[in-house]
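[1] got a predicted structure here, sequence first:
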Amino acid sequence: MTTAHPIPPRAAPNAGPGEPPAAAGPPGHGGPHSPTDPAAPDGPTASEVRPLRALLGQARPYRLALSGSLLLALAASGSGLVQPLVARSVLDSLADGVTVTGPLVLLGVLVVAGALLTGLQSWWQQRTSEQVVRSIRRDLVFRLIRLKVPELDRRPPGDLVARVTSDSALVQNAATQGLVMITNGLLTVLGAIALMGTVHLGLLGVTLGVLCGTGAVLGLILPRIREAVARAQRSVGAIGAALDRSLGAARTVKANGAETRETARAEAAVQEAYEAGLTGAKYVALVQVLSGVAIQAAFLAVLGVGGALVAAGDLDASQLIAFLLYVFYLASPIASLLGGLGMLQQGLGAIVRIEQVKKLPAEDDVDLPDRDPALAPAGSRGARPVAPPVEFDAVHFAYPGRGPALRGVAFTVPGGTRTALVGLSGAGKTTMFALLQRFYEPDAGAIRIGGLDIAALPRAEVRRRIAYVEQESPVMAGTLRENLRYAATGASDEAIADVLRLTRLDSLIARLPEGLDTEVGNRGVTLSGGERQRLAIARALLREPEVLLLDEATAQLDASNEQALREAVDQAARRCTVVLIAHRLSTVTDAEQIIVLQDGLIRAAGSHDDLVATDALYRELAASQMLVPAVDDGPPGVRTGTGTGTAGDAEA
Ligand SMILES: Nc1ncnc2c1ncn2[C@@H]1O[C@H](COP(=O)(O)OP(=O)(O)OP(=O)(O)O)[C@@H](O)[C@H]1O
């Protein structure tokens, strides 16, 4: 029996040399009562996220690269900043009749150096920004794939995807280019102001007066950009959610002629995104207008006041020209400052949605450290797995916001036997499988595998022991081989051939020109329902699990395939513990134990014969499937347990 393994912090996946590691994985082990695992978790609301702090947090690991980018930007600005001074010395030299060659060459060097530095800065900046967005996306992907099942139940995947693809791009620009533009713009403006002060303090006062007035108006506009972006991003998420809903059920949409309604659903979100985008664009344009107007107004004010001073003989013409050049020079850093502030607002609008995902509760115990031999990939183990007993001990469970689904369920499946769960639809059968795999945690009671409480085991460890064939037998896009090896990565070709024969998939593979390398299409759409089911069972058997869970696994099979699959399961049951859910009782009459569930309670348990004799509901179900004579037909007698029971199922 293997024991729980401590979970190491997540290593940075594929971090490039010299790059900071990606943020650590989700915090603390999220056991059922862990403080990091709240019972009814909800992501933080927008007001609970501190956007500026979060955005700076994204930039922090890249501060060195960003400082380099800033230095390059400053150097480029610096080369521009001294150009008016050199120009002034050219003018003075001309006035004094001195040679201008030196200052002219210097001016040329400054122009070329400025251009080169600008290009270099742009490349470096872009590189850093791509690294930032990669890190954001990695973290989000890591977390989304590990979100707890209750979270996944209630969040539209399309919205989650939009956060990874779209919101991250806005944060990328703000956390890199935006911050550098603001810092560079600010420093350059301050430098220019200092130099302008050396030229003429009075004119500096005039310039600052105009700029401060503009700044006050700006303070009113910027927050509106943030609001508009947040609204637009919410709508982008809603578009994703609407499309996900429609495309995920494309055949249902078409069969019900619901194209118009589904289009309208997405259209509403598209329109909302458009309107929010327009609002944002309006404010961004206003900022640009303001920055242009501010410079023009400062120029005119300085020209008026400075011209008067020159006329009065209180100012040299060359001083006024140098000052005016500075005013014009200010246009670029001010545009950079304002552009950066606009970008920052966009990032602040988007970061909230990213932070919300990062704070959602995730399963932090599904990544096992380096495996010891006992944890070797399933399908590659030489020794046969043990078949542990499975025990439900007074288990209570309710889905969030719903009434109880299980109300004190208690039973034991002896190791190496088959137990069937039967009962009316909605009785809680699938819920028991979900709890067994720790998709949800019981509200009370315990579930044990091999005597170990699964709540005390890492989820990876619990799930490693179990193979689960879901009700709808999901098949992943990819080849047949990839699907088979999905969990049994080390399975040998012989083992694959074995399970293919057992599940009667070998004849299908033989018919396909590309054999096991045939693509099965999105969710296995190119396979029939029965083929998908057999593929899912083959995948489960290949894992050589300790516990095999089959949820209506043979519902879509014809009689001959069903018989073959039952034999395969019987064979598997010799080396693992099998729990199966069945509506067609004919498939479980020979199980060692049958448990009859009703409204989240066990109403009876025993063998088929016992239950026909003692439990009215079971007898009714059996009769409706013609396994026993109808209840009115006299005392119950058992027919053979090998009928196909096609006349109805437990839902009938
Ligand atoms: N993810 C969920 N969130 C909320 N309620 C759920 C969820 N899954 C199931 N339920 C509810 O829990 C109850 C038990 O469902 P469960 O799927 O376990 O029934 P079942 O016995 O497997 O039914 P069936 O035979 O139809 O598959 C039902 O009332 C169902 O509506």
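    Received, thanks. Residues are numbered from 1 along each chain as shown.
[2] off-centre distance for the lengthiest helix in the chain?
    Ordering each helix of the chain by length in residues (DSSP state H) puts helix 259-311 first. When distances are taken as CA atoms, centre = their mean, to the nearest Å, helix 259-311 is centred 34 Å away from the chain's centroid.
[3] elements contacting the helix or strand just after that helix?
    Following helix 259-311 in sequence order, the next helix or strand is helix 317-358 (DSSP states H and E). In this structure, helix 317-358 makes packing contacts with helix 51-59, helix 63-81, helix 83-96, helix 101-146, helix 168-173, helix 179-199, helix 201-248, helix 259-311, judged by 3 or more CB pairs under 8 Å, 6 or more residues apart in numbering; DSSP states H and E. For every residue, glycine as well, the C-beta is placed using N, CA and C.
[4] out of these, which gets nearest to residue 548?
    When these are ranked by proximity to residue 548, the top entry is helix 101-146, at 24.7 Å, counting by CB to CB.
[5] the closest one vs helix 317-358, what angle?
    10 degrees (axes from the mean of the first three to the mean of the last three CA atoms, to 10 degrees).
[6] which residues sit against the following helix or strand past helix 101-146?
    Sequence-wise, the next helix or strand beyond helix 101-146 is helix 149-154, with elements assigned using DSSP H and E. The set of residues external to helix 149-154 that reach it, using CB atoms under 8 Å, 6 or more residues apart in numbering, is 41, 360, 361, 399, 400, 434, 439, 440.
[7] residue contacts, residue 342?
    With contact set as CB under 8 Å, 6+ apart, residue 342 has these partners: 222, 225, 284, 287.
[8] same question for residue 164.
    Each residue near residue 164 by CB under 8 Å, 6+ apart is listed here: 137, 140, 141, 144.
[9] go again using 10 Å as the cut-off
    Taking CB atoms under 10 Å, 6 or more residues apart in numbering as the contact definition, residue 164 lies against 136, 137, 138, 139, 140, 141, 143, 144, 354, 357.
[10] correct me, but the second one touches residue 358?
    Read it as residue 137. No. Applying CB atoms under 10 Å, one finds residue 137 not in contact with residue 358, separated by 12.0 Å.
[11] what is in contact with these two at once?
    With CB under 10 Å, 6+ apart, residue 137 and residue 358 have common neighbours residue 163.
[12] helices or strands up against the helix or strand of the chain with the lowest mean pLDDT?
    Comparing helices and strands within the chain by mean pLDDT, DSSP states H and E singles out helix 559-573 as the least confident, with a mean of 75. Using 3 or more CB pairs under 10 Å, 6 or more residues apart in numbering; DSSP states H and E as the contact criterion, the elements in contact with helix 559-573 are strand 418-423, helix 493-502, helix 529-542, strand 547-551, strand 577-581.
[13] okay if I get the ones you listed as JSON lines plus mean neighbour count?
    As requested, the helices and strands packed on helix 559-573 are arranged in JSON lines below (neighbours: other CB atoms under 10 Å):
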{"stretch": "strand 418-423", "mean neighbour count": "24"}
{"stretch": "helix 493-502", "mean neighbour count": "17"}
{"stretch": "helix 529-542", "mean neighbour count": "24"}
{"stretch": "strand 547-551", "mean neighbour count": "25"}
{"stretch": "strand 577-581", "mean neighbour count": "26"}
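[14] which stretch among those comes nearest residue 474?
    Counting by CB to CB, residue 474 lies closest to helix 529-542 out of the helices and strands packed on helix 559-573; the figure is 7.2 Å.
[15] quick one: the closest one to chain centroid distance?
    How far helix 529-542 lies from its chain's middle: 28 Å, per CA atoms, centre = their mean.
[16] extract the C-alpha trace of it and format it as CSV.
    Extracted C-alpha coordinates of helix 529-542, given in CSV (Å, rounded to 0.1, in the frame of the first residue of the first chain):
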residue,chain,number,x,y,z
GLY,A,529,-21.8,5.8,-29.3
GLY,A,530,-21.0,2.2,-28.7
GLU,A,531,-17.5,2.5,-30.0
ARG,A,532,-16.9,5.5,-27.8
GLN,A,533,-18.1,3.5,-24.8
ARG,A,534,-15.9,0.5,-25.7
LEU,A,535,-12.9,2.9,-26.2
ALA,A,536,-13.5,4.4,-22.8
ILE,A,537,-13.7,0.9,-21.2
ALA,A,538,-10.5,-0.2,-23.0
ARG,A,539,-8.8,2.9,-21.7
ALA,A,540,-9.9,2.1,-18.2
LEU,A,541,-8.9,-1.5,-18.3
LEU,A,542,-5.5,-0.5,-19.7
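[17] quick one: work out the angle between it and helix 493-502.
    For helix 529-542 and helix 493-502, the angle between their directions (the same axes, to 10 degrees) works out to 140 degrees.
[18] what helices and strands are in contact with helix 529-542?
    strand 466-469, helix 480-484, helix 493-502, helix 506-511, strand 547-551, helix 559-573.
[19] in the fourth one, what counts as buried?
    Read it as helix 506-511. Residues of helix 506-511 classed as buried under the neighbour-count rule (16 or more other CB atoms under 10 Å) are 508, 509.
[20] top of the contacts of residue 164 by neighbour count?
    Counting by other CB atoms under 10 Å, residue 354 has the largest number of neighbours within the contacts of residue 164, with 26 neighbours.
[21] ok, the closest residue to that residue other than its chain neighbours - contacts?
    Setting aside the residues directly before and after it, residue 354 is nearest to residue 167 in space (CB to CB, 6 or more residues apart in numbering), at 5.4 Å. Residues touching residue 167, when contacts are defined by CB under 10 Å, 6+ apart, comprise 136, 140, 229-230, 233-234, 236-237, 347, 349-357.
[22] now restrict the residues you listed to buried residues only.
    By neighbour count, with 16+ other CB under 10 Å, those hold 136, 140, 229-230, 233-234, 236-237, 347, 349-357 as buried.
[23] ok, and which of the residues you listed reach the ligand?
    Counting by CB under 6 Å from any ligand atom, nothing from those sits close to the ligand.
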